[in-house]
Every structure is written in C-alpha cells, then in structure tokens.
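Student: How does the following fold in three dimensions:
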Amino acid sequence: MKKHNFNAGPSVLPQFTIENTAKAVLDFNGIGLSIMEISHRSKDFQPVVDEAVALVKELMSIPEGYSVLFLGGGASLQFCMVPFNLLEKKAAYLNTGTWASKAEKEAKLFGEVVEVASSKGANFNYIPKDFTIPADADYFHITTNNTIFGTELRKDLDSPVPLIADMSSDILSRPIDVSKYGLIYAGAQKNLGPAGVTIVIVKDELLGKVSRPIPTMLDYRTHIKEGSMFNTPPVVPIYASLQTLKWLKELGGVSAMEKMNIEKASLLYDEIDRNKLFVGTAATEDRSLMNICFVMKEEYKELEDEFGKFAAAQGMVGIKGHRSVGGFRASTYNALPKESVVALIDAMKEFEKLH
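Tutor: Residues are numbered from 1 along each chain as shown. Here you go, the predicted structure:
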C-alpha cells in the first residue's frame, strides 16, 4: 500500500532528495567513500556547501549584504542566538503559538521583551492584526507559520525595526521580500531536508552591536567568517538539503511551488468545509498552507479515533493533531504530492458516507 506522509516534521522529502542522498551515503560522487565519512574540509565537500548557499540566494532572491549559514542546534538554538547577538535593551515579539512562545521566553533572559500581541486566549487559532511595533526595539520577532495550530502569516510585514522571522515550516514555500527582514532562520526538517541542520539568513550590518560578550559558537560572525565550517557541520543534512534545492529549482522555483501549495491546501480546506463530519480549527483568513488542522464536529467527537484508524488503513501517516489541539493535522509541505491530498480527501468522503 502506498503511504501518504503528512508528518509535521521530520516530514516528507522529495524522492529526488531521498534517492540522491542514498546514493551518496553508499558512494559520494564515485570517490569510493560515503558522504558520511568524508572530511567536511575536503575538496569534495566544499562545493556542496558553496552550491547550497548559491541556490538559497538564487531561489529566495537574497540581496547583497546578507550571509547564508548552515548551522546545527535546530531552530530552537536560534531562540537564544537571536537575542544573544541582537538584543541590547529591548525586543518585541508577536506570540502566535507554541514556538513563538518558546522564542519569547528565551529572549527574556537577555533583556526587556515586549509582547506586542498574542492569540493565546483563543488557543492560537488566528494571527493578531492590530498591534504596534515599538520603534525603540532592537528587533521584532515573528513566527511565520504555526505548525501546531495551523495558522500562517503569509505577507511580509513592514517594521520600523529589524524584522526577525522563524520560517521553519514555510521557508521556500512562497516568495518573500528578503530585504524586509534582518534575519530569517529555519530548521530543515519540514521543507528542506532531514533534521540536523538549520538555515540562517542574516543581514551582516546588524551584527557586532551588542555590548555583551558572545560565546564563540553562538556568535553569527564566527560562522560567517568560517563559511559555516567553524566546527564540523551536519554534512549529510546539508547534502540532502542541496538535493531539495536542486529539485525546487527544477520545478520552477518558489513561485511555482506556491501555486502548487495553494492548490493542495485549497482542495483539502474545501473538503473540510463541505464535509458534514469535520470543521477547521484556524480562522479562515489565517489558514496555513503548510499545516491544515481540523477536528470532528462536536456531535461526531466520538468518531475521532475511528477516523484516525480508518485513515491509517488507507495509507495516511501522521495526521493525528498535536496533543494541545487534538483532532487532525495534515502537513502539506512542498514535497507532499497532490495525489496524497486527494487520497486523504477520498478517505474523508468515504468515512462521511459510512456515518
């Protein structure tokens, strides 16, 4: 039976990425060594990093004056690296979910934090709209897509201070104007590659302005100077990410991917809204294209476990909702094919007929 991978992360990868990485694990570029055992400082691996950086810049149209880094530690490490490097007196945060809350918590260790708005009171089912960004803040932090609650901020905000964005679950899913951001970070394990590497895109002129000493490993300037090679980088995840970047370029780039993502999400949201058994959990205007969250209608709540088992029997993997929300979550990242969305819709229709 074909499996349809809706996992929220680590998640579905392009077959192109899986096959090419598997070949490199056995024999990297015909050199007789596995990608897992070559030196990161060898002449064989440096081109991998160089090409990956170049493709990120090309696909995201990154202007001059920005550095692209491949770092370890996951996006969660960035929750502290951002304030370590950028927070001198005060930072502003928009609280739209679990990961935004975690980022805000870490920043409070380094200085004053202003929460400009929060949707916590409504279980994070919408993105706050009317808020004021303090002009005297060192930066303003947002989380563009909220994997747990299924909301997404799909436009580039205008900010009077440097805009910092956690784009872990929607990077490369739509075009963005990088010039509006001071720093972007994203864990690879949702839209780019396997877990273990994090992309950071940082405007160079923002760095070196805080008065506190920064540990060497946590200083962005260290990694810029060394080309992400200060210490041993996560070699295999970087190689896999390069394959995904190649795949994305071959498909037509980020604009083409956005059209595909809109089509997939629209199909599934239309079925959720039509089906008599289900209801979406996120405010309609803030619905995510990446994580589609829905539950059983109140009168059918007792059928949730049954539908989960029914869907699994049809080959659906990873659609159980996060424990803080319940219900179901279909993660429709870049690599998820349209056929998987259609298969889930068919399962929902069939289950509706049964009940």
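
Student: I'd like the distance between residue 281 and residue 141.
Tutor: 24 Å (C-beta to C-beta, to the nearest Å). C-beta here means a position set from N, CA and C on the backbone, and glycine is covered the same way.

Student: Now the element after the longest helix along the chain, going C-ward?
Tutor: Ordering each helix of the chain by length in residues (DSSP state H) puts helix 253-274 first. Taking DSSP states H and E as the definition, the helix or strand that follows helix 253-274 towards the C-terminus is strand 278-280.

Student: Which positions in that next one come out as buried?
Tutor: 278, 280 (16 or more other C-beta atoms under 10 Å).

Student: What of stretch 177-190?
Tutor: Using 16+ other C-beta under 10 Å as the test for burial, stretch 177-190 gives 178, 181-190.

Student: May I ask which two of those are separated the most?
Tutor: Distances among those were taken as C-beta to C-beta; the most separated pair is 182 and 189, at 24.0 Å.

Student: all strands for the chain, in order.
Tutor: 4-5, 66-71, 90-95, 112-118, 140-143, 145-146, 151-152, 163-166, 183-187, 198-203, 278-280, 291-296, 316-317, 328-331 (DSSP state E).

Student: need those strands in TSV with distance to residue 303 and mean pLDDT, can you?
Tutor: Converted to TSV, the strands of the chain look like this (distance: least, C-beta to C-beta, whole Å; pLDDT from 0 to 100):
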stretch	distance to residue 303	mean pLDDT
strand 4-5	20	98
strand 66-71	44	98
strand 90-95	33	98
strand 112-118	33	98
strand 140-143	32	98
strand 145-146	26	98
strand 151-152	25	98
strand 163-166	35	99
strand 183-187	34	98
strand 198-203	39	98
strand 278-280	10	98
strand 291-296	6	98
strand 316-317	15	98
strand 328-331	12	98
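
Student: Make CSV out of those and add distance to residue 36.
Tutor: Formatted as CSV, the entries for the strands of the chain read as follows, by distance: least, C-beta to C-beta, whole Å:
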stretch, distance to residue 36
strand 4-5, 24
strand 66-71, 17
strand 90-95, 38
strand 112-118, 41
strand 140-143, 33
strand 145-146, 31
strand 151-152, 35
strand 163-166, 29
strand 183-187, 21
strand 198-203, 20
strand 278-280, 42
strand 291-296, 31
strand 316-317, 26
strand 328-331, 28
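
Student: Return the most buried member of these.
Tutor: strand 145-146 (a mean of 28; mean count of other C-beta atoms under 10 Å).

Student: Check which helices and strands it is in contact with.
Tutor: Using 3 or more C-beta pairs under 8 Å, 6 or more residues apart in numbering; DSSP states H and E as the contact criterion, the secondary-structure elements in contact with strand 145-146 are helix 98-107, strand 151-152.

Student: Could you pull up phi and psi at the residue nearest to the spatial centre of the chain?
Tutor: Most central in the chain under C-alpha atoms, centre = their mean is residue 169, positioned 1.8 Å from the mean C-alpha point. Summarising the backbone geometry of residue 169 under the convention degrees, to the nearest 10, its torsions are phi -110, psi 0.

Student: quick one on the thing from earlier: out of the strands of the chain, which gets nearest to residue 79?
Tutor: Proximity to residue 79, assessed across those by C-beta to C-beta, is greatest for strand 163-166 (8.2 Å).

Student: So what are the sheet partners of the closest one and their directions?
Tutor: The pairing partners recorded for strand 163-166 under DSSP bridges are strand 140-143 (parallel), strand 183-187 (parallel).

Student: and residue 245, which of these is closest to it?
Tutor: strand 183-187 (12.7 Å).

Student: Contacts for that closest one, please.
Tutor: For strand 183-187, the external contacting residues (C-beta atoms under 8 Å, 6 or more residues apart in numbering) are 9, 74-76, 78, 82, 86, 139, 162, 164-169, 171, 178, 192, 195, 198-203, 206.

Student: can you do 6 Å?
Tutor: With C-beta atoms under 6 Å, 6 or more residues apart in numbering as the test, strand 183-187 has contacts from 74-75, 78, 164-168, 171, 198-202.
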